[in-house]
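Chemist: Prediction below, plus the sequence it came from.
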Amino acid sequence: MDSLQPTILIVDDEKHTRDGLRRLLEDEYDTYLAEDIRGAMDVLEREPIDLMITDLRLGGDDGMILIERALKLPHPPISIMMTAYGSVDTAVEAMKRGAYDFVTKPLNLDKVEILIARALASRRMEQENRTLRQQVDERYGLENIIGESPALHEVLDTVRQVAPSSANVLIEGESGTGKELAAHAIHNLSRRNKAKFVTVHCAALSPQLLESELFGHERGAFTGAHERRIGRFEQANGGTIFLDEIGEIDASTQVKLLRVISEERAFERVGGNQTLRADVRLIAATNKNLEQLVAEGKFRDDLFFRLNVVHITMPPLRERKEDIPMLVRVFLRHFCKVNEKPLLDLTADAMNTLLTYNWPGNVRELRTAIEHGVVMATGSKITLRDLPTNVRQAAGPTLPGGITPAKAFGEKASALDLRQTERRLMMQALATTNGNVTAAAKKLGISRRTLHRKINEMNAEKSEGQSANDEVKS
């Protein structure tokens, strides 16, 4: 048998029916036969069956029960019911129990062939959709928002909390901080995750094109509108629409957007009179301060309040540098695999430079830097000279006396020993600024609040360690 052919299990207690169907199907499909539920389950548990066609009456058994049992298998087949008792009630019951469709006896063999081909095509589509959803989940799940810093944990907690709701979400943050990843995660964890996630990059379109993109247009609405266009809100009906860089939309579009996300949920296509409605959850993102734009009269306050039901701020990488080693490991695995290189490590100089650099481009810039390093590396480790020039310049004097982090901690220091590196950097910076936290934070390239938090964490760890020692001594 050709293992690439779909597999079909024929279940019927009448031998002539089993044999007749086998002769009909065996040229195109791998066929298996069974005369009762026990024999059918033996085949199903042993072979990867794509489609099962079973009689309703199997001696004293009920074919409905067989379908129910088959559906509980790890890889259930799609099922078709055969019955000499054809009726609407039988068909409805078969569908309720999980059958794809049913046929009545005596069988019309041409119709059976068409139904089987249609059922298998439906199964393939379902499997492809499941695979695609899995790939999307793997790419956009929470596990892809990488890090263990308190700032990031706060974001992830908010994502988990808001996802099952229907609330609109506004995500603010600098470019490259992962706003779109957070939006995808919210959608994938929501009840709308079987429907579409539609993205619109507002800054990339002129006002007229953006309005058409969002709401669609009718034929002849403007020059070049040769056909009707379905807008993104219609496409996202039942799902989620993600408007990136929403701070760029003009006043006219803001008015129309306000209407479609209000209780009305109404809009018209450009050049059209028909009022349409869409059930869409809106997630918006911006690298601008929308509240400031509202104060300046550049963004409608009523639209801002509609968008800002739940607010998420993505922290810049410079405020969560403790996540850098974890991000580096993930990017190293990815780019070494893509470039067909053995898994590389980083020298202490290279890693300490990554920890020192201020990352204006955030995680996106770090990702690019690691890709650059993987491509340029000639040995088993990425060295300082393998990093991009602008990142490499961060290896200059950043500690007192012109001492670089690598020299301060030794060439043999573990490239991924972040906690020890952090502590030493903080102690050095505080020592050279006579304990001035603001000046030390500036020297380290982090915010004063972040440095305060790290000092408190360090003190808490010391207290815990001392308590443990006291218990041992006692």
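Modeler: Cool, got the structure.

Chemist: C-alpha only now, for contacts and for neighbours.
Modeler: Will do.

Chemist: quick one: low-confidence ranges for the chain?
Modeler: 1-4, 85-88, 129-143, 395-422, 443-445, 461-474 (pLDDT under 70).

Chemist: same thing but at 80, please
Modeler: For the chain, the stretches flagged by pLDDT under 80 are 1-4, 84-94, 126-144, 224-225, 264, 394-429, 431-434, 439-454, 457-474.

Chemist: Could you list the domains of it?
Modeler: Domain ranges of the chain: 7-133, 141-315, 319-472, per automatic domain parsing.

Chemist: Quickly find the element holding the residue lying closest to Leu25 once chain neighbours are set aside.
Modeler: In this structure, Leu25 finds its nearest non-sequential neighbour in Thr31, 7.2 Å apart by CA to CA, 6 or more residues apart in numbering. Taking DSSP states H and E as the criterion, Thr31 maps to strand 30-34.

Chemist: quick revisit: need the domains of the chain in TSV with mean neighbour count, can you?
Modeler: As requested, these are exported to TSV (neighbours: other CA atoms under 10 Å):
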stretch	mean neighbour count
domain 7-133	17
domain 141-315	18
domain 319-472	17
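
Chemist: right, and Gly220 touches Glu227 too?
Modeler: Yes - judged on CA atoms under 8 Å, Gly220 makes contact with Glu227 at a distance of 7.4 Å.

Chemist: What residues does the residue nearest to Leu25 make contact with?
Modeler: Thr7, Ile8, Leu9, Ile10, Arg22, Leu25 (CA atoms under 8 Å, 6 or more residues apart in numbering).

Chemist: Show me what it bridges to in the sheet.
Modeler: Ile8 (DSSP bridges).

Chemist: quick one: it and Met64, what's the gap?
Modeler: To Met64, Thr31 is 21 Å away according to CA to CA, to the nearest Å.

Chemist: For the nearest residue to Ile312 once chain neighbours are set aside, which residues are in contact?
Modeler: Spatial nearest neighbour of Ile312, excluding adjacent residues (CA to CA, 6+ apart): Ile171 at 4.7 Å. Each residue near Ile171 by CA under 8 Å, 6+ apart is listed here: Lys179, Ala183, Ile283, Ala284, Ala285, Thr286, His311, Ile312, Thr313, Met314.

Chemist: A strand includes the third one, no?
Modeler: I take that to be Ile283. Yes - under DSSP: H, G, I helix; E, B strand; the rest coil, Ile283 falls within a strand.

Chemist: so it sits right up against Gly239, yeah?
Modeler: No - between Ile283 and Gly239 there is no contact under CA under 8 Å: 10.9 Å.

Chemist: Dump the strand holding Thr31 to PDB, restricted to CA.
Modeler: The C-alpha trace of strand 30-34 is given here as PDB (Å, rounded to 0.1, in the frame of the first residue of the first chain):
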ATOM      1  CA  ASP A  30      -5.700   2.500   1.800                       C
ATOM      2  CA  THR A  31      -8.700   0.600   3.000                       C
ATOM      3  CA  TYR A  32      -9.300  -1.300   6.300                       C
ATOM      4  CA  LEU A  33     -12.400  -3.400   7.200                       C
ATOM      5  CA  ALA A  34     -14.200  -4.200  10.400                       C
END
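
Chemist: Just want the angle from the next helix or strand after it to strand 30-34.
Modeler: Later in the chain than strand 30-34, the nearest helix or strand by DSSP H and E is helix 37-46. With axes from the mean of the first three to the mean of the last three CA atoms, to 10 degrees defining the directions, helix 37-46 sits at 150 degrees from strand 30-34.

Chemist: tell me which strands and helices helix 37-46 is in contact with?
Modeler: strand 7-11, strand 30-34, helix 63-71 (3 or more CA pairs under 8 Å, 6 or more residues apart in numbering; DSSP states H and E).

Chemist: so where do the helices sit in the stretch 1-150 of the chain?
Modeler: 15-25, 37-46, 63-71, 88-96, 109-140, 150-162 (DSSP state H, counting those that start in this stretch).

Chemist: Of those helices, which is nearest Ile261?
Modeler: Of all these, helix 150-162 sits nearest to Ile261, with 17.4 Å by CA to CA.

Chemist: I'd like to know which elements the closest one is packed against.
Modeler: For helix 150-162, the packing partners by 3+ CA pairs under 8 Å, 6+ apart are helix 179-188, strand 310-313.

Chemist: hang on, the earlier thing: CSV please, covering the helices of the stretch 1-150 of the chain and showing distance to Asp55.
Modeler: Listed next are the helices of the stretch 1-150 of the chain as CSV, based on distance: least, CA to CA, whole Å:
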stretch, distance to Asp55
helix 15-25, 10
helix 37-46, 10
helix 63-71, 6
helix 88-96, 11
helix 109-140, 13
helix 150-162, 47
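
Chemist: Would you quantify the distance from the nearest residue to Ile37 once chain neighbours are set aside to Thr450?
Modeler: Nearest non-adjacent residue to Ile37, counting by CA to CA, 6+ apart: Leu66, 6.0 Å away. Counting by CA to CA, the gap from Leu66 to Thr450 is 61 Å.

Chemist: what's the most distant pair in the contacts of Ile171?
Modeler: Pairwise over the contacts of Ile171, using CA to CA, the maximum falls at Ile283 and Met314, 14.0 Å.

Chemist: which helices and strands does the helix or strand encompassing His372 pack with?
Modeler: Following DSSP H and E, one finds His372 within helix 362-376. On a contact count with 3+ CA pairs under 8 Å, 6+ apart, helix 362-376 meets helix 324-338.

Chemist: Direction included, what does the helix or strand just after the helix it packs on pair against?
Modeler: Using DSSP H and E, the helix or strand that follows helix 324-338 in sequence is strand 345-346. Strand 345-346 has the following sheet partners, assigned by DSSP bridges: strand 381-382 (parallel).

Chemist: which residues are in contact with the strand it pairs with?
Modeler: Leu344, Asp345, Leu346, Thr347, Ala350, Gly373, Val374.

Chemist: Please name the nearest non-neighbouring residue to Phe225.
Modeler: Small correction: residue 225 is Ala, not Phe. Nearest to Ala225 is Arg219, by CA to CA, 6+ apart, at 5.4 Å.

Chemist: Apologies, that question was intended for Pro6.
Modeler: Pro6 sits nearest to Tyr29 (CA to CA, 6+ apart), 5.3 Å away.

Chemist: who are the neighbours in contact with that neighbour?
Modeler: Gln5, Pro6, Thr7, Ile8.

Chemist: Let's have the residues you listed in TSV, adding distance to Gly297.
Modeler: Listed next are the contacts of Tyr29 as TSV, based on distance: CA to CA, whole Å:
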residue	distance to Gly297
Gln5	65
Pro6	63
Thr7	65
Ile8	66
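
Chemist: Widest-spaced pair of those?
Modeler: It's Gln5 and Ile8 that sit farthest apart of these, by CA to CA, at 9.5 Å.

Chemist: contacting residues for Asp27?
Modeler: By CA under 8 Å, 6+ apart, Asp27 has no neighbours at all.

Chemist: going forward, begin numbering at 3 instead of 1
Modeler: OK, 3 is where the count begins now, so the last one is Asp29.

Chemist: Distance-wise, check it relative to Gln7.
Modeler: 10 Å.

Chemist: mind listing the helices for the stretch 153-302 of the chain?
Modeler: Applying DSSP H, counting those that start in this stretch to the stretch 153-302 of the chain gives helices spanning 181-190, 209-217, 234-237, 253-262, 292-297.

Chemist: Return the distance of the second one from the chain's centre.
Modeler: The gap between the average C-alpha position of helix 209-217 and the chain average comes to 26 Å, counting by CA atoms, centre = their mean, to the nearest Å.
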